[in-house]
Every structure is written in C-alpha cells, then in structure tokens.
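> fold the following, please.
(chains A and B)
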Amino acid sequence: AQTVTQSQPEMSVQEAETVTLSCTYDTSESDYYLFWYKQPPSRQMILVIRQEAYKQQNATENRFSVNFQKAAKSFSLKISDSQLGDAAMYFCAYRTQFGTSGTYKYIFGTGTRLKVLA
Amino acid sequence: DGGITQSPKYLFRKEGQNVTLSCEQNLNHDAMYWYRQDPGQGLRLIYYSQIVNDFQKGDIAEGYSVSREKKESFPLTVTSAQKNPTAFYLCASSTGQRHEQYFGPGTRLTVT
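Next up is the predicted model:
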C-alpha cells in the first residue's frame, strides 16, 4: 500500500530565509501525482504546488519549489523568502488509482507545522 | 465564484444523536470526498463518490454514512455508532482534468 511520510512535525524559519520541508512516499506505481497543501489557522486547505511523476523538471510556483527525486521517492518543498503568512501546517499528498479505472484516492502525510519568526 | 461550501462551521451534538454535515460544490466536479482530521494524524478518508448514486467506503467508514443524489451535493451523516465522532471534517472534490483536490472550509463537530 502507498504511504506518505513527513518526518518533521515542526519547523521554524526566520522571515526572509529559506526552509525545506521533507516528504517521502512509498509506491510501486510509475505514474502518479504529488501535491503540497497548506493549511493556515483558518483550516482551509490550499493547494501550494503539484508535481507529475512523469515530468523530470521540478515544479515551481513563485516562492515555492519542489525537489522531486523519483528514484529516492522523495518530494521536498522549498519555501524561499519566507513570509509571516507562510506560517501553517503543510501536508504532502500522493494520488493513486482507487478501485475502478478513472477513480483516485489521495493519501496524506501527517503534516509539518511551519513557524515563521519575525 | 466556484467553490465548495460546508455548513455549519461549528456543530455541537449530544452523544447518541445522528448528525448530518453538509457539502455542496458548484465546480461541476464528478468526484467528491469526505475526510476526517485529528491532531497528528493528517487526513483520513471516510467516503468517496465518483458519480451520482455511487459511493465507496474509505479507510475509516465505520459509523458514517453518505448519499450522492445530486452531483453538487455529498452529505455525510455521523451516526451514533461512531465511537469518537469529535473531529474536524473536510469535504473535497476533484476533476480528472486538474488532478488535485479542492477543499471546503471544514466543519468542526463536537459531541459531548
């Protein structure tokens, strides 16, 4: 069964600095999608970035980028120029086929709480 | 604006009562999901529906029930059989074209 592991329950970063959140996953599939979601204190889940496994190029979205290492099954999130508004829980997620063709299940890690220090 | 709505934001019930959590989306997404979130455990899948009038159990379906009579609506009933119902509940939807899930704002259920 697929699993997603986030080994850092909590991280801190100084404002304007860079931080990397780790995520590893276990799968036997060759084609899949990976995601990072942000959950601020409001608890609304917000998509940060998405990576297709068949793409070698790492995804980037403004200050957010990933380091996708398919062979190592690693999918880390780098946040550059950290801002106070980046403080949140961050969840790594993996999409896998579920049941019949065309249906998908999303597996989430346990999250990393990011604190941004002024 | 398109999105997912969940109501109410906070819900309080007495033990032994069934309670239904609402989830509505106007994104025209086929698939809808219910998750439970507890501290330190991430999101766990309760139920999932790919199309109207069809749904499948997730990892923790015991004590819960759902219906999918309309594409836009996927209500979750927390029954008295759920041994520890106090939690934060998130509804989500997805479409094949975009691959990611979109989430509602969640409902915090407290049972005493």
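> for the rest of this, base every contact and every neighbour count on C-alpha atoms.
Fine.
> report the contact partners of the nearest residue to A:Q6 once chain neighbours are set aside.
The spatial neighbour of A:Q6 that comes closest, neighbours along the chain excluded (CA to CA, 6 or more residues apart in numbering or on different chains), is A:C23 at 4.8 Å. Residues near A:C23 by CA atoms under 8 Å, 6 or more residues apart in numbering or on different chains: A:4-7, A:74-77, A:92, A:109.
> how does it look with 6 Å?
Applying CA atoms under 6 Å, 6 or more residues apart in numbering or on different chains, one finds that A:C23 lies in contact with A:5-6, A:74-76.
> so among those residues, which ones count as buried?
A:5-6, A:74-76 (16 or more other CA atoms under 10 Å in any protein chain shown).
> please convert these to TSV, extending it with pLDDT.
As requested, the buried ones among the contacts of A:C23 are exported to TSV (pLDDT from 0 to 100):
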residue	pLDDT
A:T5	96
A:Q6	96
A:S74	96
A:F75	97
A:S76	98
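> got the buried residues for the helix or strand hosting A:K115?
Under the criterion DSSP states H and E, the helix or strand holding A:K115 is strand A:112-117. Buried residues in strand A:112-117, defined by neighbour count with 16+ other CA under 10 Å: A:112-116.
> got the contact list for the strand or helix carrying B:W34?
Per DSSP H and E, B:W34 falls inside strand B:31-37. Strand B:31-37 is contacted by residues B:43-50, B:88-94 when judged by CA under 6 Å, 6+ apart.
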